[in-house]
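Engineer: how does the following fold in three dimensions:
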Amino acid sequence: MELVGAGLRRFFAGQELAPFRPRAPWLGGDLQTLRNSFVSAPAALQPDERLLAPIDVGAINMAMNYPADDRDTGRVILLVHGLGGSEASSYMFNAARAFVEAGYTVARMNYRGVGPSAETSEPPYSAGLTSDLRAALKWLSRKMPDAALYLMGFSLGGQLGLRMLGEGDVPEGLVACVTVSAPLDLAASQKKLERPRNTLYSRYVVNNMRNDLKDLSHPKVKVDPSTVSSVLAFDEQVIAPVFGFRDAADYYARVSCLPLLNRIEIPSLAIHAANDPWIPAEDYRSAQWPDSIAAGALITASGGHVGFHGRNSRGAWYHGTALDFFNMVGSP
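Structural biologist: As a prediction, the model looks like this:
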């Protein structure tokens, strides 16, 4: 495993990190990635409660789950899904179970217009809507004012979290962040995702985006979302005009978290696999991580995209890694 970032290397100095060893038969980046679709969560995790966090177009819907023995836990983690996902994505179910069992209150956020948020807000969402993430965190802090807040973002949710931290105006009470397979440079990630060898992946993502936007009605969108055939086209023809960007290239350049990583001021662990078929690992190595805090990347040789299905592990390997990081960081 490779630690990137002087501050993160100092933080882990003398610590023995649990290595990631892929679970057979899920060997290689593609099979690690695909397992989330082939093997679903054992059973749906029903929320104990729902919270609605107000935003400019309605409210973000969050599924809440509490530890069995203590509804008033002092640790709350917000899970943020990736592109085309929701609170019901298998990786969200599995992470929620792992953290509830560890004694955390868990909130699973649905982007605006997605999943249960489709009933309370209007689409579309974007990789730059950090205001929605702040709204969710502030609402959790308001509900549980004495709790320490933690953030965990998957894929696009990781980009959103890192972007928010780099922008500043971090909600009070947020202690630390872990991301898994986050795209740091959106243009580079779009190009890698839509390479010819990734046709099945890009088709899957596009189909999810069509589903998310099937009810979209916006005066600036001149196309039928059901006819859009690529991620680039969605960003060019739907996301960019709605949010005031010139085109997809302008959108990618202005919302990517990569240029802001050196401004992060809370402990942040960005977990990534060198064989991720969607996101370039080179972006993690070239990033300017802050030196003064425990922030940087942990790159494994294998793991795929939001995979990390390891040997002798009931859940994903990153569950334990994130818990170890949060425990080492502690509470404010």
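
Engineer: what about the closest residue to residue 87 other than its chain neighbours, neighbour count?
Structural biologist: In space, residue 87 comes closest to residue 108 once its chain neighbours are excluded; the distance is 3.8 Å by C-beta to C-beta, 6 or more residues apart in numbering. For the C-beta atoms, the positions are set from N, CA and C on the backbone; glycine is no exception. Neighbours of residue 108 under the rule other C-beta atoms under 10 Å: 26.

Engineer: equivalent analysis for the one 5 residues further on, please.
Structural biologist: Neighbours of residue 113 under the rule other C-beta under 10 Å: 20.

Engineer: that one belongs to a helix, doesn't it?
Structural biologist: No. According to DSSP: H, G, I helix; E, B strand; the rest coil, residue 113 belongs to no helix; its state is coil.

Engineer: who are the contact partners of it?
Structural biologist: Going by C-beta atoms under 8 Å, 6 or more residues apart in numbering, residue 113 touches 121, 122, 123, 124, 125, 212, 213, 216.

Engineer: list the ones among those that fall in helices.
Structural biologist: Cross-referencing the contacts of residue 113 against helices under DSSP state H gives residue 212.

Engineer: could you tell me which of the contacts of residue 113 count as buried?
Structural biologist: Buried members of the contacts of residue 113, scored by 16 or more other C-beta atoms under 10 Å, are 121, 122, 123, 124, 125, 212, 213, 216.

Engineer: closest one to residue 169 out of those, please.
Structural biologist: residue 125 (19.2 Å; C-beta to C-beta).

Engineer: mind checking how far that closest one is from residue 176?
Structural biologist: Using C-beta to C-beta, to the nearest Å, we find residue 125 at a distance of 24 Å from residue 176.

Engineer: for residue 52, same thing?
Structural biologist: 26 Å.

Engineer: so between the two, which is more surrounded?
Structural biologist: Of the pair residue 52 and residue 176, residue 176 is the one with more neighbours under other C-beta under 10 Å, namely 26 against 17.

Engineer: strands paired with the helix or strand that one falls within, and their directions?
Structural biologist: If you go by DSSP states H and E, residue 176 is part of strand 174-180. Strand 174-180 sits in its sheet next to strand 148-154 (parallel), strand 268-273 (parallel), going by DSSP bridges.
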